[in-house]
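Novice: model this:
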Amino acid sequence: MAKLLILISLFGFISPSLYAGKKKVCSFAISPENIKVTWTAFKTPKKVGVGGTFTDLKFEGPMSGNSMDEVIKSSTFLIKTDSVETKDPARNIKIAQFFFKKMNGEASISGKVASMDEKFINLEVTMNQKALIVPLSYNVKGSKLSATGTLDVLDFAMDESLKSITTACSEKHEKKTWSDVNLSLEATFKKTCK
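Specialist: Numbers count the residues shown, from 1 in each chain. A predicted model of the protein is given here:
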């Protein structure tokens, strides 16, 4: 009887340690409808913001992985610029025609995640046949990623595009269109643990 009690006591100490080493394995997945990309351009000397997005925005690369970082680091995107959407049909046409169609080559923007550290996601953006790194500062809360950054269209040699849209919208822009554009990205991941 004493031996049985000792065995039961030992089992009580040993069994938790058997399970302590087992960790849950989690995976992170995302679908395109859970990714929101917006931009804000600026007009007039007072720098009034005009917000928008694109309706034809495709993401490629693995849509799931062992961590959010793994999925993000392998991401690529392609934007068809004639799908610009500002909730104003007349403005959409003007931006597509007088800004994006003035670019060299195909009227599209492509990119990939070049690198990522604790503070920044560095996007390699190709626009007007020129590729540059655009850093986005980011934070993660739970399974939601938020990132923001700024690009300057003049860095992409888009002087003619900027002049064209400023002339086409001269009255509404009060002859001033800014070259910097704010970018915002929000992505919500689905976390599954087994």
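Novice: Could you count how many residues lie near the residue nearest to residue 26 when sequence neighbours are not counted?
Specialist: Once flanking residues are discounted, residue 26 sits nearest to residue 193: 4.2 Å by C-beta to C-beta, 6 or more residues apart in numbering. Bear in mind the C-beta positions are built from the backbone N, C-alpha and C, glycine included. By the criterion of other C-beta atoms under 10 Å, residue 193 has 8 neighbours.
Novice: Residue 63 versus residue 193, what's the distance?
Specialist: In this view, residue 193 and residue 63 are 18 Å apart by C-beta to C-beta, to the nearest Å.
Novice: how about the helices in the protein?
Specialist: Taking DSSP state H as the criterion, the chain carries its helices at 2-20, 68-73, 89-98, 159-168, 170-173.
Novice: How far off centre is the fourth one?
Specialist: I take that to be helix 159-168. Centroid separation for helix 159-168 versus its chain: 26 Å, with C-alpha atoms, centre = their mean, to the nearest Å.
Novice: Could you list the buried residues of the longest strand along the chain?
Specialist: Criterion DSSP state E: the longest strand present in the chain is strand 130-141. Under the neighbour-count criterion of 16 or more other C-beta atoms under 10 Å, strand 130-141 has 134-136, 138 buried.
Novice: quick one: residue 38 and residue 184 touch, right?
Specialist: Yes: judged on C-beta atoms under 8 Å, residue 38 makes contact with residue 184 at a distance of 4.8 Å.
Novice: before we move on, back to that, I figured the residue nearest to residue 26 was touching residue 25, is that so?
Specialist: Yes: taking C-beta under 8 Å as the definition, residue 193 is a contact partner of residue 25 at 6.9 Å.
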